[in-house]
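Novice: Sequence first, predicted coordinates after that:
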Amino acid sequence: MRLEGKVAIITGANRGIGKEIALAYAREGAHLILNTFQLTNEEQQLVEEQFSAFNQKTILIDGDITNQSTINKLTSTALEEFGKIDILVNNAGILTQALIQDMTEDTWDEMINLDLKSVFLTTRSVVNQMIKQKSGRIINIASQIGQKGGYELSHYAAAKAGVIGFTKSIAIELGRYGITANCIAPGPIETELVAGIDESWKKNKKAELALPRFGQTYEVAPTAVFLAAEPDGNIYTGQTLGPNCGDVML
């Protein structure tokens with residue numbers, strides 16, 4: 001129960017890595033405010049049932065995380081229900097493919113808005129409370145593509161590289177208040193997002209990896225627990241941790 005009594009906001013928490021992090025945090029005793037997107041009533045009920053087995057409170061807030069009103073609702077709900085915000089996990093994102101010469105401005109803007117701008121907006125919404133508390137953990141989900149680039153992924157690489165640079169900068173700004181900020185940059189992970197990527201790309205990518213397979217979502221979540229827990233993540237800040245099967249070695 002390394003996160004017992006902690007309060008965590010997690011974006012993009014209804015599937016993939018975000019959901020797996022949420023489940024891991026629940027097992028460790030954290031109370032959760034989970035941002036989901038366009039869940040049906042049936043889907044919401046299924047998610048609620050999954051979390052009902054844990055000895056903590058879970059609140060689902062469905063909405064577009066690029067919309068300030070959704071972000072405000074996440075923050076205000078955390079403060080109204082628990083009076084604090086200990087952890088923010090910025091996970092929401094999309095993954096699309098396009099060559100630069102074919103990429104539309106709308107495709108570029110959609111990627112930057114969701115994968116980068118939302119990280120800024122959500123972080124900005126919680127930092128005053130964390131400064132007041134003199135504590136907090138900000139964990140941003142980036143990608144190894146943000147470290148090395150990727151074919152047909154220039155917009156995605158730009159967004160994720162931006163997340164890494166943003167995280168380093170806020171780590172410098174916020175450290176004096178006892179707040180840490182770190183990135184997790186997974187390699188290819190078996191998620192719904194990656195399932196939509198071209199099969200030839202996936203085959204070629206697996207052949208490049210030191211561990212020639214894609215990771216599973218449950219293999220990423222322990223890194224998010226580590227960064228949020230005490231004393232595990234106490235002196236990690238401005239770092240980019242890479243569960244990536246050896247795709248990037250630093």
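Specialist: Looks like it came in fine. Residues are numbered from 1 along each chain as shown.
Novice: Next up, the contacts around residue 198.
Specialist: 97, 152 (Cβ atoms under 8 Å, 6 or more residues apart in numbering). C-beta: built from backbone N, CA, C; applies to glycine.
Novice: how distant is stretch 54-70 from the center of its chain?
Specialist: 14 Å (Cα atoms, centre = their mean, to the nearest Å).
Novice: and if you look at stretch 96-108?
Specialist: 23 Å.
Novice: now stretch 231-244
Specialist: For stretch 231-244, the distance to the chain centre is 14 Å (Cα atoms, centre = their mean).
Novice: gap between the two ends of it?
Specialist: Taking Cα to Cα, to the nearest Å, stretch 231-244 runs 24 Å from one end to the other.
Novice: Enumerate the positions of it that are buried.
Specialist: Applying a neighbour-count criterion of 16 or more other Cβ atoms under 10 Å, the buried positions in stretch 231-244 are 233, 237, 238, 239, 240, 241, 242, 243, 244.
Novice: With stretch 34-51 instead?
Specialist: 34, 35, 36, 37, 47, 51.
Novice: Turn the buried residues of stretch 231-244 into CSV, columns for secondary structure.
Specialist: Below are those laid out as CSV (DSSP: H, G, I helix; E, B strand; the rest coil):
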residue, secondary structure
233, coil
237, coil
238, coil
239, coil
240, strand
241, strand
242, coil
243, coil
244, coil
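Novice: Where does pLDDT dip in the protein?
Specialist: Scanning the chain for pLDDT under 70 picks out no residues.
Novice: So what touches the lengthiest helix in the chain?
Specialist: Counting residues, the longest helix in the chain under DSSP state H turns out to be helix 154-174. The contact list for helix 154-174 (Cβ under 8 Å, 6+ apart) reads 90, 93, 95-96, 98, 100, 103, 107-108, 111-112, 115-116, 119-120, 123, 127, 130-131, 136, 138, 140-143, 145-147, 149-150, 180-183, 185, 237-238, 240.
Novice: out of these, which are inside strands?
Specialist: Taking DSSP state E as the definition of strands, the contacts of helix 154-174 contribute 90, 136, 138, 140, 141, 180, 181, 182, 183, 240.
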